[in-house]
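**Student:** Have a look at this prediction, sequence included:
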Amino acid sequence: MMACASSVAFADTIYPLDRATILAGSPFDFKIEFDGTVKAEDVKILVNGEDYKSVLGKDFTFAEKDGDVEASAITIRDAVLSKSGAYKIEASAGDQTKTVTWDVYKTDGAPKAKNVIFLIGDGLSVAHRTAARLMAKGMTEGKANGHLNMDSLDRMAFIGTSSTGSIATDSANTASAYMTGHKSAINAIGVYGDRTKDSLDDPRVENITEALRRTGNRAVGIVTTSELQDATPASVVAHTRKRADKAIIAEQMMALKPEVVLGGGSAYYLPQATPGSKRKDDKDLIAQAKTDGYTLATTVTELEKAAAEAAAADGKLLGLFHTGNLDTALDRTQLKKGSVSKFPEQPGLEVMTKSALDVLSKKPEGFFLMVEAANIDKQSHPLDWERAVFDTIEFDRVVGMALEFQKNNPDTLIVVTGDHTHGVSLVGTFNREDPTLVGREKLAVYADAGFPNYKDENGDGYPDSVDVSRPLALFSSNFPDYYETFGPKLDNPFIPAVQNEKKEYVANEAYKDVPGAVLRTGNLPLDNDTGVHAVDDVVLQATGPGSEQFKGYMEQSDVYRVVADVFALGANR
């Protein structure tokens with residue numbers, strides 16, 4: 001905070017923050033935090049030199065004490081700026097003034113696209129893509145034997161993912177920036193992270209679902225292999241400073257009634273008395289959903305029938321296929337590990353996306369569909385590269401589905417990106433052919449690397465096995481202490497580190513006796529049990545109407561501006 005002068009408090013923080021970009025007509029919460037106690041009558045706010053009430057049309061609510069903070073604040077909920085242009089906001093409660101500027105933008109003319117398919121590979125990095133191409137397509141004499149669907153998209157941009165308080169990032173603030181057009185703090189979704197402890201009182205900004213509800217009748221779909229309350233799917237509908245507010249996020253999602261909701265996380269839909277529930281109340285969101293017209297599916301078999309019923313009836317579709325996150329594509333299709341035995345009829349991302357498109361394509365006003373491949377991230381954290389890459393292949397096949405849909409629906413914008421990156425590098429292969437090589441001797445680089453020898457003899461687009469003699473060698477730039485085993489983790493998803501009696505994370509000795517295992521001393525603090533996100537830019541690719549606006553370097557919040565433009569969400573009405 002700024003230091004006080006002569007015990008006179010002044011405006012310390014203004015939300016939206018300096019250089020915010022705001023869609024014309026989009027509601028947002030305006031808040032000023034003072035660095036001490038002030039009197040309401042001493043507060044002065046100018047917007048472009050005019051008294052704020054003449055511009056915002058509302059008076060503020062004054063709090064002498066801002067929640068649990070011994071300092072004052074003023075708030076205006078659901079403020080709206082209908083006129084585009086540059087705005088200068090000056091706030092004072094004494095002889096010092098805090099100033100921020102906002103860029104309020106409108107969108108001209110008619111919509112450029114009827115539909116937007118927004119595909120997010122959680123944690124998707126360049127190395128994931130390269131590995132997916134090599135694993136799925138192979139390489140001969142230095143040239144790829146085939147291309148990914150992602151490789152065909154004709155527009156590209158580098159996207160900066162940093163949060164408002166740190167260069168580092170998480171899925172909450174990154175996905176939220178995509179879905180609101182506002183950058184925010186780590187763990188925050190659909191809000192600016194203010195200073196109070198209450199996770200639900202922070203300044204809200206409009207998300208894409210709310211904008212679509214406000215401006216027309218386009219449908220909304222959410223598909224994920226994570227819990228539906230996880231950060232990325234939550235960003236489409238929710239407002240909270242704490243991404244762990246999963247029970248509340250589930251309620252916020254169903255309150256907005258997206259037409260398609262498919263993923264895991266049924267534990268937050270069930271009342272507390274139901275086995276497996278993680279709620280602490282008696283709310284039954286599944287019963288509520290049925291009342292609201294949703295057709296429910298809990299298995300892949302039920303999903304096909306439920307999607308057909310919802311599409312025929314112009315209805316809504318809810319699929320809950322796991323109490324937690326869905327298992328990886330590798331476990332579901334080949335290894336049958338993780339929790340597959342407990343949830344044997346989980347659908348994959350392709351099946352869920354097809355079902356979503358079957359329902360949403362019947363909506364005459366068009367739709368916005370967000371599809372997340374969550375396990376790319378969830379398996380990159382514990383350094384389980386085969387599972388992460390297998391899910392990257394699955395994600396790319398969904399890109400292919402979107403491109404096929406676009407052929408018959410050219411008024412569809414397709415966006416393919418990650419929400420953040422991991423520090424992943426593909427450095428060569430592991431030589432498992434030579435039994436005399438032990439531990440790190442198996443790592444083959446430069447000319448010794450050769451080519452991986454995955455096979456796809458059944459032609460399903462996936463390698464028939466990841467247990468090959470020349471697998472890809474991927475590593476993370478950051479990691480806890482762990483035992484490197486120089487090969488795929490076939491028994492179960494990898495758990496690299498566990499807590500000791502000091503609550504420090506140390507190498508998991510379950511892997512100590514794997515032949516050739518090598519202890520790697522980590523470079524992360526001892527309170528980290530897995531690898532962490534990288535700050536690297538993500539690559540965004542796109543095709544379709546409006547995609548030409550993606551180019552060069554863009555902030556994550558700028559991506560929302562393109563979506564708003566192609567839907568004409570800020571047009572004069």
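**Tutor:** Everything's here; your move.

**Student:** Tell me, how many residues neighbour G293?
**Tutor:** Around G293 there are 14 other residues, counting by other C-beta atoms under 10 Å. The C-beta positions use only the backbone N, C-alpha and C, and glycine is treated the same way.

**Student:** neighbours around A211, how many?
**Tutor:** 25.

**Student:** in the strand or helix carrying it, what counts as buried?
**Tutor:** Using DSSP states H and E, A211 maps to helix 208-215. Along helix 208-215, these residues count as buried under the neighbour rule (16 or more other C-beta atoms under 10 Å): I208, T209, E210, A211, L212, R213, T215.

**Student:** Can you tell me which of those is closest to E227?
**Tutor:** T209 (17.9 Å; C-beta to C-beta).

**Student:** and the gap between the closest one and S557?
**Tutor:** 17 Å (C-beta to C-beta, to the nearest Å).

**Student:** do T99 as well
**Tutor:** Distance from T99 to S557, by C-beta to C-beta: 21 Å.

**Student:** Spit out the contact partners of the nearest residue to S162 once chain neighbours are set aside.
**Tutor:** Sequence neighbours aside, T169 is the residue nearest to S162 in space, at 5.8 Å (criterion: C-beta to C-beta, 6 or more residues apart in numbering). By C-beta atoms under 8 Å, 6 or more residues apart in numbering, T169 lies in contact with T161, S162, S163, I186, H420, H533, V535.

**Student:** which ones among those are found in strands?
**Tutor:** H533 (DSSP state E).

**Student:** Keep only those of the contacts of T169 that are in helices.
**Tutor:** If you go by DSSP state H, the contacts of T169 have nothing in helices.

**Student:** which of the contacts of T169 are buried?
**Tutor:** T161, S162, S163, I186, H420, H533.

**Student:** Any chance of those in a markdown table with pLDDT and distance to L540 as columns?
**Tutor:** As requested, the buried ones among the contacts of T169 are exported to a markdown table (pLDDT from 0 to 100; distance: C-beta to C-beta, whole Å):
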| residue | pLDDT | distance to L540 |
| --- | --- | --- |
| T161 | 98 | 11 |
| S162 | 97 | 15 |
| S163 | 97 | 18 |
| I186 | 97 | 21 |
| H420 | 98 | 12 |
| H533 | 98 | 17 |
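
**Student:** From those residues, pick the one nearest D103.
**Tutor:** S162 (18.7 Å).

**Student:** now stretch 18-30: how far from the chain's centre is it?
**Tutor:** Chain-centre distance of stretch 18-30: 21 Å, with C-alpha atoms, centre = their mean, to the nearest Å.

**Student:** Check which residues of that stretch are buried.
**Tutor:** A20, T21, I22, L23, A24, G25, S26, P27, F28, D29, F30.

**Student:** Now flag whichever of these is closest to K257.
**Tutor:** P27 (18.7 Å).

**Student:** mind listing what that closest one touches?
**Tutor:** Per C-beta under 8 Å, 6+ apart, neighbours of P27: D78, A79, V80, E206, E210, R214.

**Student:** Identify the residue spatially nearest to it, adjacent ones excluded.
**Tutor:** Nearest to P27 is D78, by C-beta to C-beta, 6+ apart, at 4.3 Å.

**Student:** Hmm, that neighbour is touching D29, no?
**Tutor:** Yes. Assessed by C-beta atoms under 8 Å, D78 is found in contact with D29 at 7.0 Å.

**Student:** wait, K31 sits on A11?
**Tutor:** No. K31 sits out of contact with A11 when judged by C-beta under 8 Å, with a separation of 10.4 Å.

**Student:** what about the spatially most central residue of the chain, which SS state?
**Tutor:** Taking C-alpha atoms, centre = their mean, the centroid of the chain lies closest to T232, which sits 3.0 Å from it. With DSSP: H, G, I helix; E, B strand; the rest coil as the basis, T232 sits in helix.

**Student:** can I assume it is in contact with D419?
**Tutor:** Yes. Judged on C-beta under 8 Å, T232 makes contact with D419 at a distance of 6.0 Å.

**Student:** Now the common contact residues for those two.
**Tutor:** Joint contacts of T232 and D419 (C-beta under 8 Å, 6+ apart) are I120, D122, S171, A175.

**Student:** Could you dump the residues you listed into a markdown table and include pLDDT, distance to S54 and secondary structure?
**Tutor:** Formatted as a markdown table, these follow (pLDDT from 0 to 100; distance: C-beta to C-beta, whole Å; DSSP: H, G, I helix; E, B strand; the rest coil):
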| residue | pLDDT | distance to S54 | secondary structure |
| --- | --- | --- | --- |
| I120 | 98 | 41 | strand |
| D122 | 98 | 44 | coil |
| S171 | 98 | 40 | helix |
| A175 | 98 | 36 | helix |
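
**Student:** Count the neighbours of the closest residue to E394 other than its chain neighbours for me.
**Tutor:** On the basis of C-beta to C-beta, 6+ apart, the spatially nearest residue to E394 that is not a chain neighbour turns out to be A329, at 4.4 Å. Each residue near A329 was counted by other C-beta under 10 Å, and the total is 24.

**Student:** State the pLDDT value of A329.
**Tutor:** With respect to pLDDT, A329 scores 98.

**Student:** which SS class is M370?
**Tutor:** Applying three-state DSSP: M370 is strand.

**Student:** just the CA coordinates of stretch 356-374, formatted as PDB?
**Tutor:** In PDB, the C-alpha atoms belonging to stretch 356-374 read as follows (Å, rounded to 0.1, in the frame of the first residue of the first chain):
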ATOM      1  CA  ALA A 356     -22.700 -31.100 -27.300                       C
ATOM      2  CA  LEU A 357     -22.600 -30.100 -31.000                       C
ATOM      3  CA  ASP A 358     -25.600 -32.400 -31.700                       C
ATOM      4  CA  VAL A 359     -27.700 -30.400 -29.100                       C
ATOM      5  CA  LEU A 360     -26.300 -26.900 -29.700                       C
ATOM      6  CA  SER A 361     -26.500 -27.100 -33.500                       C
ATOM      7  CA  LYS A 362     -30.300 -27.200 -33.200                       C
ATOM      8  CA  LYS A 363     -30.300 -23.700 -31.500                       C
ATOM      9  CA  PRO A 364     -31.400 -21.200 -34.200                       C
ATOM     10  CA  GLU A 365     -29.600 -18.200 -32.700                       C
ATOM     11  CA  GLY A 366     -26.300 -20.000 -32.600                       C
ATOM     12  CA  PHE A 367     -24.000 -21.000 -29.700                       C
ATOM     13  CA  PHE A 368     -20.800 -20.600 -27.700                       C
ATOM     14  CA  LEU A 369     -19.200 -23.900 -26.800                       C
ATOM     15  CA  MET A 370     -16.200 -24.100 -24.500                       C
ATOM     16  CA  VAL A 371     -14.400 -27.500 -24.500                       C
ATOM     17  CA  GLU A 372     -11.500 -28.200 -22.100                       C
ATOM     18  CA  ALA A 373      -9.000 -31.000 -22.200                       C
ATOM     19  CA  ALA A 374      -8.200 -30.800 -18.500                       C
END
